[in-house]
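**Q** Kindly return the folded structure for what I paste below:
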Amino acid sequence: MIIVVGTVEVAESDRGRYLESRRDQVARTLDETGCIDYSFAADATHPDRVRLLERWETLADLQAHVAALRAAAPTTEPVVSSKYTEVSVYEATPVDGAL
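**A** As a prediction, this is how the structure comes out:
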């Protein structure tokens with residue numbers, strides 16, 4: 001399993017608009033081959049922070065997703081600029097019965 005964890009910081013006043021701007025992308029991505037989970041969420045303690053969580057069956061599935069995002073036509077919706085973005089990719093093995 002591939003896990004992607006990200007942090008995006010935007011102006012506090014833009015966080016709701018940023019999350020809304022990702023709604024269609026999330027819906028489309030959830031239908032992609034190998035996508036287990038894909039979400040953007042407001043951070044509970046930082047009003048300017050958004051968390052990204054993705055789970056993919058394989059690295060190839062994630063790479064196909066990224067290639068499709070890069071190849072997509074530019075959006076016409078207003079863009080919310082980020083102050084900071086960090087994304088990390090991990091290969092993980094589920095541990096059954098650990099908790």
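
**Q** how about the helices in the chain?
**A** Here the chain has its helices, by DSSP state H, at 15-21, 23-30, 59-71.

**Q** so which of the ones you listed comes closest to residue 42?
**A** Closest approach to residue 42 among those (C-beta to C-beta): helix 15-21, 6.1 Å. All C-beta spots, glycine's among them, are computed from the backbone N, C-alpha and C.

**Q** Tell me the helices and strands packed up against that closest one.
**A** Using 3 or more C-beta pairs under 8 Å, 6 or more residues apart in numbering; DSSP states H and E, the elements in contact with helix 15-21 are strand 35-42, strand 49-56.

**Q** Can you say which of those strands is packed in most?
**A** Most buried of the helices and strands packed on helix 15-21, by mean neighbour count (mean count of other C-beta atoms under 10 Å): strand 49-56, with a mean of 18.

**Q** For that strand, give me every contacting residue.
**A** Outside strand 49-56, the residues within contact range by C-beta atoms under 8 Å, 6 or more residues apart in numbering are 1-10, 15, 18-19, 29, 34-43, 62, 65, 87.
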